[in-house]
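Visitor: The following block contains a protein sequence and its predicted model.
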Amino acid sequence: MTASTTSDVNYDPYNIELNLAPYDMYRRLREEAPLYYNSEYDFYALSRFADVDAAAVNCQTFSSARGDVLETVKANIEIPPGFIIFEDAPIHDIHRKLLARMFTPRKISALEPKIREFCASCLDPLVGSGRFDFVADLGAQMPMRVIGMLLGLPEESHEAVRKRWDDNLRTEAGQPMEVAADSIDAGELFANYIDWRAEHPSDDIVTDLISVEFEDETGTTRRLTREELRAYASLVVGAGNETTNRLIGWMGKVLADNPEQRRQLVEDTSLIPQAIDELVRYEPSGPNMARYVTRDVEYYGQTVPEGSVMLLMLAAANRDHRQFPPDGDVFDIHRRAPQHLGFGRGAHYCLGSALARLEGRVALEEILKRFPEWDIDLEQAKLTSTSAVRGWESMPAIV
């Protein structure tokens, strides 16, 4: 079979130059190969919004139980219990409900003053310096601090935990990510902490999870196992740190490219929440979700066989003019559009989306207070080397 079932388009998810600016490729995929097949890496892909949206909610056909990253699904490794983004119903629903209880509006809103204070402590020393790196000076630090608040993690452990997750996701430039069972679970970092927290309860997620009782898929009423607790902690750290970090990096790049809209945000801060959502649509941190195909399924007159890997291209779908007229490639903080896929869809819709929106809003408010204008030093900017998330390791600005 050729690289594409319907045209000569060739999408390589590990191509470094392509990842810098994939937008023309996304457009070609949507128009020329809405069902795409790559023979080199043996995966199918959907790129039109309607197709991706429908597949994301069809868990019976497109399973998450083998992972949601291309390399993880293909590795076919055992997934630790409690890692809810890699689970299907009914286990997923049980585990997600437990974690959702920890992300209540009250707990999220209570974090705002602390987030604002931390942003100020990062940004104030930079005023008058002439330079500010959206990632190094804020994006790489603030999300981990917030996750630490939620989990009750000691501050001295934050850097080690963040680095472990960063290392898990990094790849050799242009190469697939190496996946092993121990790379899914960074839970050994939390083992001693969970034991300590069991003896020293506090007002945090880990304390709540240690004590909660629930009915599992067998009908047994029990508490979470130590392995499940480790997986929960790993998931919250990994999902919460990487995505918000990348959002802040894109904030610097996209608003520098659109200075008139940045000026409008300075003049009317009530537009900032909508701008954050448009940023997530326009440059989602997670560009793709992978799924295992559980049965033969047909698209555009062609059959995707059972056992295939399907890539749901969220970033491509988020630019589809059919869903975001007249042009999904245009960044517009005034866009009144239907639901985008930047936070996923269906059963696996991002549990921390409210927290990510809060962090993004507060970060942008505090940045604009101090730096209403900036230019990006693209020669020094560096795109991260990973297929799981797309964003910047550094985004230096001249302010």
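Guide: That came in fine, so what should we check first?

Visitor: so residue 276 makes contact with residue 360?
Guide: Yes: using C-beta atoms under 8 Å, residue 276 is in contact with residue 360, at 4.1 Å. Glycine gets a C-beta too; all of them are placed from N, C-alpha and C.

Visitor: Please point out which parts of stretch 25-41 sit buried.
Guide: For stretch 25-41, burial by neighbour count (16 or more other C-beta atoms under 10 Å) applies to 25-30, 33-38, 41.

Visitor: Pick out the lowest-pLDDT one from these.
Guide: On pLDDT alone, residue 41 ranks lowest of these, at 94.

Visitor: that's a helix at that residue, yeah?
Guide: No: assigned with DSSP: H, G, I helix; E, B strand; the rest coil, residue 41 falls outside any helix and is coil.

Visitor: Excluding covalently adjacent residues, which one is nearest to residue 372?
Guide: Excluding the flanking residues, the one nearest residue 372 by C-beta to C-beta, 6 or more residues apart in numbering is residue 266, at 4.6 Å.

Visitor: And the pLDDT for that neighbour?
Guide: Looking at residue 266, its pLDDT is 98.

Visitor: go on, residue 3?
Guide: 44.

Visitor: what do you get for the one 5 residues further on?
Guide: At residue 8, the pLDDT value in this model is 87.

Visitor: what's the answer for residue 190, then?
Guide: Note on residue 190: pLDDT of 74.

Visitor: What of the one 4 residues further on?
Guide: In the predicted model, residue 194 carries a pLDDT score of 87.

Visitor: where does it sit relative to residue 258, distance-wise?
Guide: In this view, residue 194 and residue 258 are 44 Å apart by C-beta to C-beta, to the nearest Å.

Visitor: part of a helix, is residue 303?
Guide: No: counting by three-state DSSP, residue 303 is not part of a helix but strand.

Visitor: Can you report how many residues lie near it?
Guide: Neighbours of residue 303 under the rule other C-beta atoms under 10 Å: 11.

Visitor: Touching, it and residue 296? I think so.
Guide: Yes: with contacts defined as C-beta under 8 Å, residue 303 counts as touching residue 296 at a distance of 5.5 Å.

Visitor: In stretch 375-384, which residues are buried?
Guide: In terms of neighbour count (16+ other C-beta under 10 Å), stretch 375-384 has its buried residues at 376, 381, 383-384.

Visitor: now the residues you listed in TSV, with distance to residue 210?
Guide: TSV is the format used below for the buried residues of stretch 375-384 (distance: C-beta to C-beta, whole Å):
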residue	distance to residue 210
376	44
381	42
383	39
384	34
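
Visitor: Which of the helices or strands spans the residue nearest to residue 372?
Guide: Using DSSP states H and E, residue 266 falls within helix 259-267.

Visitor: Only the buried residues of the helix or strand just after that helix, if you could.
Guide: Counting by DSSP H and E, the element after helix 259-267 in chain order, helix or strand, is helix 272-282. For helix 272-282, a neighbour-count test (16+ other C-beta under 10 Å) marks 272-282 as buried.

Visitor: and what of stretch 84-97?
Guide: Under 16+ other C-beta under 10 Å, the buried positions of stretch 84-97 are 84-88, 92, 95-96.

Visitor: same for the helix holding residue 266, what does it pack against?
Guide: Applying 3 or more C-beta pairs under 8 Å, 6 or more residues apart in numbering; DSSP states H and E, we find helix 259-267 packed against helix 226-257, helix 272-282, helix 353-370.

Visitor: how about the first one: buried residues?
Guide: Right, the one you point to is helix 226-257. Buried residues in helix 226-257, counted by 16+ other C-beta under 10 Å: 228-256.

Visitor: can you give me how far stretch 349-366 is from the chain middle?
Guide: Centroid separation for stretch 349-366 versus its chain: 12 Å, with C-alpha atoms, centre = their mean, to the nearest Å.
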